[in-house]
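> okay, sequence plus prediction incoming.
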Amino acid sequence: MSTLDKTKSLGVTLADQYRSVRALSEKLCETLVTEDYVIQPMPDCSPTKWHLAHTSWFFETFVLKDHVDGYRSPHPQYDFLFNSYYNAVGARHCRPKRGLISRPTVADTYSYREHVDTALLNLLASASAETLQEIEPLITIGLHHEQQHQELMLTDIKYVFWENPLRPAFRPADIGCIGVDGSLAGMHLHAPGPVPIAHQGSPSRPVKWVDFDGGLVWTGHDGGSFAFDNEGPRHQVYLQPFALASTPVTAGEYLAFMQDGGYRRPELWLAEGWATVQSCGWDSPLYWEKHDGEWWQFTLTGMRPVDPEEPVCHVSFFEAEAYASWAGARLPTEFEWEHAAAQQKLEGNFVEDGLYHPTGISRALSQSGEERAVDALATGISQVYGDVWEWTQSSYAPYPGFRESSGALGEYNGKFMANQYVLRGGSCATSRSHVRATYRNFFPSNARWQFSGIRLAVMRPSTREVVPDLLDFEPDLPTFCDDVIAGLSATPKTIPCKYLYDAHGSKLFDEITTLDEYYPTRTELAIVRDRIDEIAAILGHDFRLVEYGSGSSMKTRLLLERLLGIAAYVPVDISRSHLLQSVEALAGDYPDVPIVPVCADYTRAFKLPPARERTIVYFPGSTIGNFHQWEAREFLSRIAGQCGADGGLLIGVDLKKDPAILHRAYNDSRGVTAAFNLNLLTRINRELDGHFLTDDFTHEAIYNPDLGRIEMHLVSAVSQAVQVAGHMFSFDERETIHTECSYKYTIDEFAALARSAGFEPVRVWTDVGGYFSVQYLTVRA
Ligand code: AVI
């Protein structure tokens, strides 16, 4: 090809690219009416009109003014209005006030675009080879810049329509909708689609992990084609072996986090994230709303039920991080992500697909061809590109050797390298030609209006290698609020003791177990330690040990070390994070014992995974004492059913003794038990908008000899009325809330109870003082 032909061809290629990108900006606006173009619902969102004008101003400022002889802008004052952030170019209008500019009108803005298009296309048609070489990088960056604004046009208009109580749809939906009041009148709502909404909270697939070896790897762009300056220089980083989840976190998985109190548990959040949850009142991703007990979400095609299969979207870095910590995982670093993504085809759900919303894995795979679908399901990671931007744990920082380019365009990326996190992979609002493995998007940690989601990572070797499956259950929540309202409305007032154990309550209970006065934990451990050989002999061989409540304690460790017949250890706990923590703690120390954690509320019926070996349930700590006797009978019968004919139960049972000893154990001198009890009120205040003044209540624990139990109460010191979750409850002076029973048994009494539930006592071990017992029972034939 001659030089002239090459020049012409470069000009034509650039012109074609220019026309195509510019046309998409306008196509995206085809369903908007004039009023939609002008609104700015929050400082981060710009009006559509502003995006259309700013992207034109960009070409005018960085190409036309410098490369068209005698070029004069028809609107010099637009420099002030439509300069976004380039200090080198001059002063500018204040960003949060972009929505206050009614002039230029929308029509004026389109004329301005047309003017810039004509001038630019004329330049491309007539430019010399030298000029074309010079402007090619500027036009290319201008086109990528416009593609970034196209994505912002979508995310910003979504927020504009979300702020409108009529919830208009950006693109027409198929069928009817609901209004803000839950009515189905006159608004655009999308039909549920193929996903059965009844299963919003259904158990999620176990995470499938894909391993990567790590080592010294190259990262960043090699400069062979277009990339933003922040993607280089290419350099080496060292990666520890890691694994990535095969798919982004789904809405169904995220619902499980929400139902497990994800937005109410400070221990899961970074301090700043928790402060944001509190101050912004977050209880779900942006655009989610509950209607008649079902979660709906606002999309660019209107309101529709949350589809549990599709990637969760519109979550901040804080939410992504909290979810990861709840799931016992972490976010990937941007280098891990890039290393994995570089091995993937650049395909996915992008803006060109016209869905404007992330899709579920089935749809993503069905669109990418059967061969690849099978491949991805078997080994690979999928939905790496498109659908949702994936938050990484990497701060947006310069790569080693990074230098901003000179001139105004040096301000494009570099100056934002503070207080932001990197996101990777593009979204359903990104152009396919805009992303690549090295692409670094970035937003502040609280931003949620982008199509941002989550992919989990873990280190290798990790918990998952000893956790074949975290068998999930469907949490039957919310119950805390219902139980508290019902309990405070009853006479006498009472609240189930399981609510004493939030994160702080659990810590206080751990502290109780170390108190001099609280004998049970210490005594039980001593019994197990002294009798471990006898216990091992009686339990025999080839059984799985199913422990109710997460076991990371000394007793569990002792059993795992000394009971040689254990074929598997099955911890059962309602809290996924406690379960993962305890498994993580035990797995490393007992690599030979397979661990099969089960996330379940053991006080209710749940299924254990099937097993070849016998089942022995371990229920230590005399937690059985916290059940009323009729509840204990029912509970033990359920255990007998779970164990089957050849199974057994190893249980810790506190015994009747001198009431003075009991009194000291539950009224300790350091006031830890009092704090444990009073923490229930603090929890209600925090989680249920309660207004208890903890100073107006005192802790009381008394032994009731007739019923053979310690009763723990919170006593109102004054006559008062307290609001909880919008309800008022009055308390007389000295009126109490009964918060816990702790039944004590004689050995005969417990034997009778066990028999009535289908067990036969086999062996009872006690300490010399007869304070506590460890008992082995088998299921009666
Ligand atoms: C967990 N449970 C067996 C303890 C008990 O002794 O009933 C809870 C407790 N309440 C006050 N102190 C300890």
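Thanks, I have it.
> give me the pLDDT for the residue of the stretch 451-600 of the chain found nearest the ligand.
Here the residue of the stretch 451-600 of the chain nearest the ligand is Ile512; by CB to the nearest ligand atom that distance is 5.0 Å. Every residue, glycine included, has its C-beta placed from N, CA and C. Ile512 carries a pLDDT value of 97.
> just to check, it is in contact with Val672?
Yes - counting by CB atoms under 8 Å, a contact exists between Ile512 and Val672, whose distance comes to 5.4 Å.
> and the residue in the stretch 651-781 of the chain that the ligand sits nearest to, what are its bridge partners?
The ligand sits closest to Ser742 of the stretch 651-781 of the chain, with a gap of 3.3 Å, by CB to the nearest ligand atom. With DSSP bridges applied, Ser742 shows beta-bridge pairing to Ile710.
> for it, grab the count of nearby residues.
Burial of Ser742 is recorded as 22 neighbouring residues (other CB atoms under 10 Å).
> and it, how close does it get to Leu655?
Distance, Ser742 to Leu655, by CB to CB, to the nearest Å: 12 Å.
> repeat that for Leu564.
From Leu564 across to Leu655, the span is 29 Å (CB to CB).
> so between these two, which is more surrounded?
Ranked by neighbour count (other CB under 10 Å), Leu564 and Leu655 place Leu655 first, with 22 against 8.
> is it true that the more buried one touches Gly770?
Yes - proximity of Leu655 to Gly770 meets the contact threshold set by CB under 8 Å, at 6.1 Å.
> quick one: the residue nearest to His434 when sequence neighbours are not counted and Cys45, what's the gap?
On the basis of CB to CB, 6 or more residues apart in numbering, the spatially nearest residue to His434 that is not a chain neighbour turns out to be Gln147, at 4.3 Å. With the distance defined as CB to CB, Gln147 ends up 18 Å from Cys45.
> get me the contact residues on the stretch 501-650 of the chain for the ligand.
For the stretch 501-650 of the chain, the contact set with the ligand under CB under 6 Å from any ligand atom comprises Ile512, Pro520, Gly621, Ser622, Thr623, Gly625, Asn626.
> the residues you listed: which two are farthest apart?
The span of these, defined through CB to CB, is set by Ile512 and Gly625 at 14.1 Å.
> and Gln147 and Cys45? which has more neighbours close in?
Here Gln147 and Cys45 are set side by side on neighbour count (other CB under 10 Å), and the busier one is Cys45, at 24 against 21.
> wait, what's in contact with that one?
If you count contacts by CB atoms under 8 Å, 6 or more residues apart in numbering, Cys45 has them with Thr155, Asp156, Tyr159, Val160, Trp449.
> quick one: which of the residues you listed is nearest the ligand?
Ranking the contacts of Cys45 by separation from the ligand, with CB to the nearest ligand atom as the measure, puts Trp449 on top at 44.8 Å.
> isn't that closest one up against His314?
Yes - counting by CB under 8 Å, a contact exists between Trp449 and His314, whose distance comes to 6.8 Å.
> what touches both of the two?
Once CB under 8 Å, 6+ apart is applied, the residues that Trp449 and His314 both contact turn out to be Leu286.
> neighbour count: the two, which is higher?
For Trp449 against His314, the residue with the higher neighbour count under other CB under 10 Å is His314, and the figures read 25 against 20.
> not counting its neighbours along the chain, what's nearest the more buried one?
Residue nearest to His314 in three dimensions, not counting chain neighbours: Leu286, with 4.0 Å by CB to CB, 6+ apart.
> tell me the pLDDT at the one you found?
You'll see Leu286 listed with a pLDDT of 98.
> same deal with Ser2?
68.
> helices along the stretch 251-400 of the chain, start to end?
251-259, 271-280, 317-326, 334-341, 361-367, 370-378 (DSSP state H, counting those that start in this stretch).
> so the residue nearest to His434 sits against Ser431, correct?
Yes - contact status for Gln147 versus Ser431: in contact at 4.6 Å, counting by CB under 8 Å.
> overlap in contacts, those two.
With the criterion set as CB under 8 Å, 6+ apart, the overlap between the contacts of Gln147 and Ser431 is Val21, Leu24.
> contacting residues around stretch 121-139?
The contact list for stretch 121-139, computed with CB under 8 Å, 6+ apart, reads 3-4, 6-7, 10-12, 14-15, 17-19, 59, 62-64, 67-68, 120, 226, 409.
> what's the end-to-end length of that stretch?
11 Å (CA to CA, to the nearest Å).
> next secondary structure after the helix or strand of the chain with the lowest mean pLDDT?
The element with the least model confidence among the helices and strands of the chain, by mean pLDDT, DSSP states H and E, is helix 463-466, at a mean of 44. Reading on from helix 463-466 to the C-terminus, the next helix or strand found by DSSP states H and E is helix 480-489.
> can you list contacts of the helix or strand just after that following helix?
For helix 480-489, the succeeding helix or strand toward the C-terminus, using DSSP H and E, is strand 493-494. When contacts are taken as CB under 8 Å, 6+ apart, the neighbours of strand 493-494 outside the stretch itself are Gly487, Phe729, Phe731, Glu735, Thr736, Ile737, His738, Thr739.
> same thing but at 7 Å, please
Gly487, Thr736, Ile737, His738 (CB atoms under 7 Å, 6 or more residues apart in numbering).
> then the helix or strand hosting Trp765 to CSV, C-alphas only?
Counting by DSSP H and E, the element that carries Trp765 is strand 759-766. Provided in CSV are the C-alpha atoms of strand 759-766 (Å, rounded to 0.1, in the frame of the first residue of the first chain):
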residue,chain,number,x,y,z
PHE,A,759,-32.5,-42.8,74.2
GLU,A,760,-31.0,-45.3,76.6
PRO,A,761,-28.3,-44.0,79.0
VAL,A,762,-25.2,-46.1,78.5
ARG,A,763,-22.6,-44.3,80.6
VAL,A,764,-22.4,-41.2,82.9
TRP,A,765,-19.1,-39.6,83.9
THR,A,766,-19.1,-36.9,86.6
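> same for that strand, what does it pack against?
helix 747-756, strand 772-779 (3 or more CB pairs under 7 Å, 6 or more residues apart in numbering; DSSP states H and E).
> from Ile616, how far out is the closest residue to Arg683 other than its chain neighbours?
Take Arg683 and drop its neighbours on the chain: the residue closest to it by CB to CB, 6+ apart is Asp502, 4.9 Å away. When CB to CB is the yardstick, Asp502 and Ile616 sit 30 Å from each other.
> over to Leu24?
65 Å.
> export stretch 76-88 as PDB, just CAs?
Provided in PDB are the C-alpha atoms of stretch 76-88 (Å, rounded to 0.1, in the frame of the first residue of the first chain):
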ATOM      1  CA  PRO A  76     -16.600  29.600  23.600                       C
ATOM      2  CA  GLN A  77     -18.600  29.800  26.800                       C
ATOM      3  CA  TYR A  78     -19.100  26.000  26.700                       C
ATOM      4  CA  ASP A  79     -15.400  25.700  27.900                       C
ATOM      5  CA  PHE A  80     -16.700  26.800  31.300                       C
ATOM      6  CA  LEU A  81     -19.900  24.600  31.300                       C
ATOM      7  CA  PHE A  82     -18.600  21.400  29.800                       C
ATOM      8  CA  ASN A  83     -15.000  21.100  31.100                       C
ATOM      9  CA  SER A  84     -15.200  18.300  33.600                       C
ATOM     10  CA  TYR A  85     -12.000  18.500  35.600                       C
ATOM     11  CA  TYR A  86      -9.100  19.600  33.400                       C
ATOM     12  CA  ASN A  87      -7.300  22.400  35.400                       C
ATOM     13  CA  ALA A  88      -4.900  23.000  32.500                       C
END
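> if we can go back for a sec, give me the three-state assignment for the residue nearest to His434.
At Gln147, secondary structure determined by DSSP: H, G, I helix; E, B strand; the rest coil is helix.
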